[in-house]
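In: structure for this input, please:
(2 chains)
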Amino acid sequence: MTTITSPQTNGLGQFFKNNRGVLFSIAGLIFLPFALTLLDGQSIGSMLANESGLSKFYQGLAIEIFILAIYALSYDLLFGITGLLSFGHAMFFGVGAYLTGIMLKSFSWGLLPIIGLVAVAGLVMALIFSIVLPRVKGITFALVTLGIAQVFYIVIQSREMADLAGAEIGLQGVTPPAYLNPVEQRLRFYYVGLVVLFGVYFLYKRFVDSPTGHVCVAIRENEDRATMLGFNTFYFKLVALTISSITAAFAGAMHGLFHPIIRPGIASSHYTIAALLMILMGGIGTLDGAIIGAATFKLLSFYLEKWFGGTSQVIIGVVYIMLVLFLPYGIVGTWKLRGVRLRDGWRDFLQRLKPSQTNND
Amino acid sequence: MEENFILETKNLRKEFGALIAVDDVSIQVRPNTTHSIIGPNGAGKTTFFNLLSGNLQPTTGNVFFKGSEITHQPLHRTAHLGIGRSFQITNLFPNLTVMENIRLACQALGHDNFRILRSHKHFPQYEQRAREVAELVGLGDEISTLARALPHGGQRKLELGIILAADPEVLLLDEPTAGMAAEQVPELIQLIRDIQTSGQKTVMLVEHNMNVVMSISDTITVMHLGQILAEGTPAEIAANEVVQSAYLGQLYGDMQTSQTG
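Out: Residues are numbered from 1 along each chain as shown, chains lettered A, B, ... in the order given. Purely as a prediction, here's the structure:
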C-alpha cells in the first residue's frame, strides 16, 4: 500500500520534479519580455507602459503562439489521446473567434458573459458532433466533421450575414475591452495568454492521467476491446470532444480579441490541417508536443516568410517532409526515444533517392 | 425446469445471408462447471460465442443469463452482467503496459470512470487488484512490459487476466491456447481449472485441443454445421460414434450422399 500512495504524500515536491522542464519554460516566458527589453536597450518603464519596441513585437508573436498552442492542445486531446480524427476542428476555433467579435461589436457585451457564451457554444458544437459520433468511425467521422465545418465556413462568409460577420473580408472594427486591449495592454494580454495556456496544459495533463483519460487512450488503442471491458465508449468520446471543443473555442475567443480582423480563413479546413501539422511536428499524443509544435509552426512560417517572401511556402513544405522523415514521432516524441530514429531517417531518405537514379539511367 | 442454469439459449439462430452459421441451438450451462464446445472448423462455435457475448445479434432466438433475457443488451453491458469474453485472435491494448491493460479492466466496473480531474494514483484499489490479477496469471514480473512486447503465450495470459480482473461469473474463452507453444498449454489449462474451482466460476470453452477439452470439461457440446450434434460428459462424447465420424469427416460425406441420392 505504501509504495502506491507514496507519490501523493510528497505531492508538491513530486510535482516540481515531474514538471521541471515545463516550470523552467514558464519561468523563462515570464521573464522573456524583460529580457528582450534589456536586449533592445529600451527602459523597463517604457516597456511596462506598452510602448513599441522589440519586446512589444515579440510579445505579440508569443501571444499568437500561445493561442495556437491552446488550439493545438485541444486537437491533441481529440486526435492524439482519444484517437478521433476530426477535420472540423477549425469550426470550434472559428465559432469562438466570431462569437467574441460579433458580441463585442454588434451587441456590446462584456467579456465575462462572452466567455460564458463561448463555453456554451463549445458545448453545443460538441453535442452536434456527438450526433454522428456513435454512428460513424475513423475516416467517415473525419469526413462528416469536415462537412459540418465547411457548412459553417460558408455560412460565415454569406452575404446575408455581412452586417454581422463581414462576409469574405472578415470581421473588422471589433474593439476589445480597454483592460485587455492587445495594443495598449499588450503585456497584460501576454501574461493572460501565458496563464491560460499553462492552465489548459496542466488541466489536460491531469485529465490524461485520470481514470477517464486512461479510458480515452484505451479507446484510441482498441475501441472494441474497451467496449467489451464494459466501457460505454460513446460517453468517454463525448467528454473528450466536449473538453476539446470548449478549449478550441476559448483559443478562438482569444484570437478574436487579439487580431484586429477576424478572417473567415480561421474556420476553413486549412486551419484544421494546421492543427494536425502542429501536433505531428510536436509529437502526437504528448501534450508537450502540441505546445512545441505550435511554436515551431508559427516561428517557421513567420521567419521563412520574412526571409524568403512568396517562396517560403515551398521551403515550409520541404521542412515538413524533413520533419516527417527524420522525426517521425515529432519533436517531443523523438526526444523521448532519444534520437534512435535519426539514423533510420537518413537511410529512408537515401533509399527514396535511389529508384529515381536508376530510372534516369 | 427445477434446475437453475446460469446461461441458457433457446433456439438461437444466426444467418449470414444464405449461410446459416448457427441453427436453432439450445443449450443449458450449469453454474460452476466447465462447459466446452467443440466441432470441426466452420461448425459455428465462434459465431455462437459472439451471440452469447452480444458481439453479434441473433436472427432469432434468445439468450438468458440467470433466467433473465440478455439477447438485446448493448455490448458494453455484457461485462457489467458478469460475463467475461476472450477472443480467438489476441485482442489487447498493444501500446499499453500489462498493468495498464489489467487496470483498465478493473476500473471498468467501478464508479470512478468519470473522475476527470483526479489522478489515477488516487484510486490505488484498481492498481492493487491489477497487481493481484497479474500475479495470478503469471505476469507479475512483467507488469510494466508493453502488451505488444510480450511473447504470444504471455499475451494469451494477459487476455485471461483482463477477463479475470472484472471478476465475472461466466468466462467465455475462445480458444485460449490458440497458437501457444505446446509446453505452455498445461500451465494455462491448470490456471483455468484453478480459477474455475477456487472462484466458483462457470467456464465456457471453445477449444480444438482434444486433450485439453477431455481433461478439463464437465460437459461437452459438439457442434457441426451450426447444429448440436451431441452433448454429454467427456466419457460419453469420446464413446459417441457420430462424433467420431464428424471429426473424421465421414459424416459430412454421408450427408452429401444422402442429399444428392
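In: distance between the helix or strand where residue B:13 lies and the chain's centre?
Out: Secondary structure assignment for residue B:13, by DSSP states H and E: strand B:7-16. Between the centre of strand B:7-16 and the centre of its chain there are 16 Å (C-alpha atoms, centre = their mean, to the nearest Å).
In: taking strand B:7-16 as reference, get the angle to the helix or strand that it is followed by.
Out: Toward the C-terminus, strand B:7-16 is succeeded by strand B:19-25 as the next helix or strand (DSSP H and E). Per axes from the mean of the first three to the mean of the last three C-alpha atoms, to 10 degrees, the angle that strand B:19-25 makes with strand B:7-16 is 160 degrees.
In: what's strand B:19-25 in contact with?
Out: B:9, B:11-15, B:44, B:47-48, B:51, B:58, B:61, B:223, B:225-228 (C-beta atoms under 8 Å, 6 or more residues apart in numbering or on different chains). Using the backbone N, CA and C atoms, a C-beta is placed for each residue, glycine as well.
In: give the partner strands of the very next helix or strand once past that strand in its sheet and their orientations.
Out: Later in the chain than strand B:19-25, the nearest helix or strand by DSSP H and E is strand B:28-29. Within its sheet, and counting by DSSP bridges, strand B:28-29 is paired with strand B:7-16 (antiparallel).
In: so what does whatever helix or strand residue A:56 lives in touch, helix or strand wise?
Out: Assigned by DSSP H and E, residue A:56 falls within helix A:54-75. Counting contacts by 3 or more C-beta pairs under 8 Å, 6 or more residues apart in numbering or on different chains; DSSP states H and E, helix A:54-75 packs against helix A:20-40, helix A:89-105, helix A:186-209, helix A:233-258, helix A:269-282, helix A:288-308.
In: what about residue B:101, how many neighbours?
Out: A total of 29 residues lie near residue B:101 under the criterion other C-beta atoms under 10 Å in any protein chain shown.
In: what strand or helix carries it?
Out: Following DSSP H and E, the helix or strand that holds residue B:101 is helix B:98-108.
In: re earlier: buried set for the helix holding residue A:56?
Out: For helix A:54-75, burial by neighbour count (16 or more other C-beta atoms under 10 Å in any protein chain shown) applies to A:54-56, A:58-60, A:62-75.
In: that older thread, can I get the buried part of the contacts of strand B:19-25 as one PyMOL selection?
Out: In PyMOL, this line selects whichever of the contacts of strand B:19-25 come out buried by 16+ other C-beta under 10 Å:
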select buried, chain B and resi 9+12+13+14+44+47+48+51+58+61+223+225+226+228
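In: give me the distance between residue B:142 and residue B:126.
Out: 18 Å (C-beta to C-beta, to the nearest Å).
In: these two: who's more crowded?
Out: residue B:126 (22 against 19).
In: what's the closest non-adjacent residue to the residue of chain A found nearest chain B?
Out: Closest residue of chain A to chain B, C-beta to the nearest C-beta: residue A:230 (3.1 Å). Setting aside the residues directly before and after it, residue A:230 is nearest to residue B:79 in space (C-beta to C-beta, 6 or more residues apart in numbering or on different chains), at 3.1 Å.
In: and the helix or strand where the one you found lies, what does it pack against?
Out: If you go by DSSP H and E, residue B:79 is part of helix B:77-81. Identification of packing neighbours for helix B:77-81 by 3+ C-beta pairs under 8 Å, 6+ apart yields helix A:211-229.
In: so for the helix it packs on, what gets flagged as buried?
Out: A:211-223, A:225-229.
In: tell me what it is packed against?
Out: Packed next to helix A:211-229, using 3+ C-beta pairs under 8 Å, 6+ apart, are helix A:186-209, helix A:233-258, helix B:77-81, helix B:98-108.
In: pick the most buried one from these.
Out: Ranked by mean neighbour count under mean count of other C-beta atoms under 10 Å in any protein chain shown, those are led by helix B:98-108, which reaches a mean of 26.
In: got the angle for that helix vs helix A:211-229?
Out: Angle, helix B:98-108 to helix A:211-229, by the same axes, to 10 degrees: 80 degrees.
In: show residues contacting helix B:98-108.
Out: Applying C-beta under 8 Å, 6+ apart, the contact partners of helix B:98-108 are A:211, A:214-215, A:218, A:226, A:229-231, B:79, B:92-93, B:96, B:113, B:120, B:123, B:126-127, B:129-131, B:133-134, B:139, B:142-145, B:147, B:150, B:158, B:161-163, B:165-166.
In: give the next helix or strand downstream of it.
Out: Taking DSSP H and E, what comes next after helix B:98-108 is helix B:124-136.
In: need the contact partners of that following helix.
Out: A:1, A:4-5, A:211, B:98-99, B:102-103, B:105-107, B:110, B:112, B:120, B:140, B:142-143, B:161, B:164-165, B:191, B:195.
In: for the helix holding residue B:101, what is the average pLDDT?
Out: Helix B:98-108 carries an average pLDDT of 92.
In: so that helix versus helix B:124-136, what angle?
Out: Using the same axes, to 10 degrees: helix B:98-108 against helix B:124-136 is 120 degrees.
In: CA atoms only: put helix B:98-108 into CSV for me.
Out: Provided in CSV are the C-alpha atoms of helix B:98-108 (Å, rounded to 0.1, in the frame of the first residue of the first chain):
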residue,chain,number,x,y,z
VAL,B,98,0.4,-5.2,-18.7
MET,B,99,-0.5,-3.1,-15.7
GLU,B,100,-2.5,-0.6,-17.7
ASN,B,101,-4.3,-3.3,-19.6
ILE,B,102,-5.5,-5.1,-16.5
ARG,B,103,-6.1,-1.9,-14.5
LEU,B,104,-8.5,-0.7,-17.2
ALA,B,105,-10.4,-3.9,-16.9
CYS,B,106,-10.5,-3.5,-13.1
GLN,B,107,-11.6,0.1,-13.4
ALA,B,108,-14.4,-0.7,-15.9
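In: please state the offset of it from the chain centre?
Out: Centroid separation between helix B:98-108 and its chain, computed with C-alpha atoms, centre = their mean, is 19 Å.
In: got the contact list for residue 186?
Out: No chain specified, so I'll use chain A. A:50, A:56, A:59, A:60, A:63.
In: ok, so of those, who is nearest residue A:40?
Out: Residue A:40 has its nearest neighbour among these in residue A:56, at 9.6 Å by C-beta to C-beta.
In: surely the closest one meets residue A:46?
Out: No - look at residue A:56 against residue A:46 with C-beta atoms under 8 Å: they stay out of range, at 9.6 Å.
In: quick one: contacts for the one residue in chain B that gets nearest to chain A?
Out: Closest residue of chain B to chain A, C-beta to the nearest C-beta: residue B:79 (3.1 Å). Applying C-beta under 8 Å, 6+ apart to residue B:79 gives the contacts A:228, A:229, A:230, B:108, B:109, B:166, B:168.
In: which residue sits closest to the first one in space, ignoring its chain neighbours?
Out: Closest residue in space to residue A:228, ignoring its immediate chain neighbours: residue B:85 at 5.9 Å, by C-beta to C-beta, 6+ apart.
In: next, count neighbours for the one you found.
Out: With other C-beta under 10 Å as criterion, residue B:85 counts 26.
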